[in-house]
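In: Sharing a model that was predicted from the sequence below.
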Amino acid sequence: MGIAQSPDRVWDVTTAAAELLACEDERRDREPFTDVWPELDVDTGYTIQDRNLEERIRRGEQVVGIKLGLTSKAKQERMGVETPFVAWLTDAMMLTPGDPVPQQKLIHPRVEPELVFVMADRLDGPGVTAESAMAAVGTVHAGAEVIDSRYTKFRFRAGDVVADNASSGAFVMNPAGLAPRAFDISAEEVRVEVDDAFVDSATGAAILGHPGEALALAANELARRGRGIEPGWIVLTGGMTDAVLAPPGCSIDLRFTNLGAVHLSGGA
Ligand SMILES: O=C(O)C/C=C/C(=O)C(=O)O
């Protein structure tokens, strides 16, 4: 784990965790810790992430699920980080369909399309495969994640972004879900439109070949930390395309083939 000195601060799990939540609360960004603390690896990042989950719960938030990050090549290449990872979703991050991007809480939001699972059964690793993972899924939904890194210009290394709860900001899903066996999830396409202009598209196969692989990865990672995925939890399987900027006044539409659409307005 280790301790890092920077000119004015000493960074360790406790101080970095507190700094990340302070950045979130005060809507300010900062340089990545790894610039001065190169030993901040993915495992240390998860320790910081879990420390801040405890703090979020102490503040009254409830865990509603998990999110995956960097599960598509589009995202890995854009962010320069190739390791997919897992992070926490709480009720404070949930938007109701029709809500705008909550600009007043965020630093520099971006939006990405997601295939979202709602779990029917508990899923415990290790040894979970995409097939056994999908057997525990109740419904699949169209969704959008609003990511918001606490690092300036979204510049980070793997340990930084894991510590930062994978740039979690807010998320929304279309309430009308389909059973996973009702359609081909890996062929499900999303078309991303910003201000009524087409900007990008991808299919479910962009997520590690099949989003079930992302769910299995999450279950096996959580098992390493002594946790499981609970019935009723929401699982965001990772951005299918690169994220789009979401400034005030924008209009973002994510149109899926079978799962319907998600609309987000940029708000004021
Ligand atoms: O791009 C980031 O800031 C890190 C988060 C990535 C995701 O949430 C994702 O790839 O879905």
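Out: Nice, thanks for sending it over.
In: Can you name the residues of the stretch 151-268 of the chain sitting close to the ligand?
Out: For the stretch 151-268 of the chain, the residues in contact with the ligand (C-beta under 6 Å from any ligand atom) are 154, 161, 166, 167, 238, 239. All C-beta atoms are positioned from the backbone trio N, CA, C, and that covers glycine.
In: Serialize those to CSV and add fields for pLDDT, distance to residue 188 and neighbour count.
Out: Listed next are those as CSV, based on pLDDT from 0 to 100; distance: C-beta to C-beta, whole Å; neighbours: other C-beta atoms under 10 Å:
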residue, pLDDT, distance to residue 188, neighbour count
154, 97, 27, 19
161, 97, 26, 29
166, 98, 23, 25
167, 98, 24, 24
238, 98, 14, 29
239, 97, 14, 29
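In: In helices, which of those appear?
Out: Among these, the ones falling in helices (DSSP state H) are residue 161.
In: Which members of the residues of the stretch 151-268 of the chain next to the ligand are the farthest-apart pair?
Out: 154 and 238 (15.6 Å; C-beta to C-beta).
In: Look up how far residue 10 lies from the residue of the stretch 1-150 of the chain found nearest the ligand.
Out: Nearest residue of the stretch 1-150 of the chain to the ligand (C-beta to the nearest ligand atom) works out as residue 69 at 3.3 Å. Using C-beta to C-beta, to the nearest Å, residue 69 is found at 28 Å from residue 10.
In: who has more neighbours, those two?
Out: residue 69 (28 against 13; other C-beta atoms under 10 Å).
In: residue ranges of the strands in the stretch 101-250 of the chain, please?
Out: 110-119, 137-147, 170-173, 189-194, 197-203, 234-236, 244-245 (DSSP state E, counting those that start in this stretch).
In: and the next helix or strand after the last one, what other elements does it pack with?
Out: To tie it back to what came earlier, the one meant is strand 244-245. Note on strand 244-245: by DSSP states H and E, the next helix or strand toward the C-terminus is strand 251-256. Counting contacts by 3 or more C-beta pairs under 8 Å, 6 or more residues apart in numbering; DSSP states H and E, strand 251-256 is packed against strand 110-119, strand 137-147, strand 189-194, strand 261-265.
In: same thing but 6 Å
Out: strand 189-194, strand 261-265 (3 or more C-beta pairs under 6 Å, 6 or more residues apart in numbering; DSSP states H and E).
In: Which strands and helices lie in contact with the first one?
Out: Judged by 3+ C-beta pairs under 6 Å, 6+ apart, the packing partners of strand 189-194 are strand 197-203, strand 251-256.
In: ok, and which of these has the densest surroundings?
Out: For those, the largest average neighbour count (mean count of other C-beta atoms under 10 Å) is found in strand 251-256, namely a mean of 20.
In: partner strands of it, parallel or antiparallel?
Out: Within its sheet, strand 251-256 is paired with strand 189-194 (antiparallel), strand 261-265 (antiparallel), according to DSSP bridges.
In: can you list those strands in a markdown table and add mean neighbour count and mean pLDDT?
Out: As requested, these are arranged in a markdown table below (neighbours: other C-beta atoms under 10 Å; pLDDT from 0 to 100):
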| stretch | mean neighbour count | mean pLDDT |
| --- | --- | --- |
| strand 189-194 | 20 | 98 |
| strand 261-265 | 19 | 98 |
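In: Just put those strands in CSV and tack on distance to residue 183.
Out: Conversion of these to CSV gives the following (distance: least, C-beta to C-beta, whole Å):
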stretch, distance to residue 183
strand 189-194, 11
strand 261-265, 16
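In: longest single helix anywhere in the protein?
Out: helix 42-58.
In: to the chain's geometric centre, what's the distance from that one?
Out: 15 Å (C-alpha atoms, centre = their mean, to the nearest Å).
In: buried residues in that helix?
Out: 42, 44, 45, 46, 47, 48, 49, 50, 51, 52, 53, 56 (16 or more other C-beta atoms under 10 Å).
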